[in-house]
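Visitor: Sequence first, then the predicted structure, then my questions.
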Amino acid sequence: MTQSDLYQRGMGWHPRALTPDYKTSVAQLPKLARLALQNLDSELTGPIFDHIDIDLIRNNAKSGDPIGERIIVYGRVLDENGRPVPNTLVEI
């Protein structure tokens, strides 16, 4: 994956830093311009999960059935733009 493969956020979607009607914005106003930081390697490559990671019984090599009530959880994981995120592990 290269830097161009990633979604680039526009700096214009942030609210204005100075809003005269909101008095604390004057005290909290940044003194320097915003920076756009490049993604790090860890943000581009990981974390990576294997298929065994979804089964905590096999993953931890414990014998017997799990303790507690079994539940079914379903849904979708979406990014900030509403696009589905594939191969996502959700821990509860």
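Guide: Nice, I can see it. Numbers count the residues shown, from 1 in each chain.

Visitor: Flag the shaky bits of this protein, pLDDT-wise.
Guide: 1-9, 11, 43-44, 46, 54, 56-66 (pLDDT under 70).

Visitor: can you do 80?
Guide: For the chain, applying pLDDT under 80 flags the ranges 1-20, 22-23, 25-68, 87, 89, 91-92.

Visitor: The residue most central in space within it and L40: what is the separation?
Guide: Most central in the chain under CA atoms, centre = their mean is D79, positioned 7.5 Å from the mean C-alpha point. Per CB to CB, to the nearest Å, D79 is found 18 Å from L40. For the C-beta atoms, the positions are set from N, CA and C on the backbone; glycine is no exception.

Visitor: Skipping adjacent residues, who's closest to the residue nearest to the centre of the chain in space?
Guide: In this structure, D79 finds its nearest non-sequential neighbour in V85, 5.5 Å apart by CB to CB, 6 or more residues apart in numbering.

Visitor: surely that neighbour meets L78?
Guide: Yes: contact between V85 and L78 holds when scored by CB atoms under 8 Å: they sit 6.6 Å apart.

Visitor: show me what contacts the residue nearest to D79?
Guide: By CB atoms under 8 Å, 6 or more residues apart in numbering, the contact list for V85 reads V77, L78, D79.

Visitor: ok, so of these, who is nearest A33?
Guide: Proximity of the contacts of V85 to A33 (CB to CB) peaks at D79, which lies at 26.6 Å.

Visitor: For the closest one, give its distance to L29.
Guide: Applying CB to CB, the value for D79 to L29 is 30 Å.

Visitor: before we move on, back to that, roughly how far does the residue nearest to the centre of the chain sit from T24?
Guide: Going from D79 to T24 by CB to CB gives 31 Å.

Visitor: returning to what we had before: of the contacts of V85, closest to W13?
Guide: Closest approach to W13 among the contacts of V85 (CB to CB): D79, at 14.3 Å.

Visitor: Distance of that closest one relative to L35?
Guide: From D79 over to L35 the distance is 22 Å, taken as CB to CB.

Visitor: P47 now?
Guide: 26 Å.

Visitor: got it, and D50?
Guide: 36 Å.
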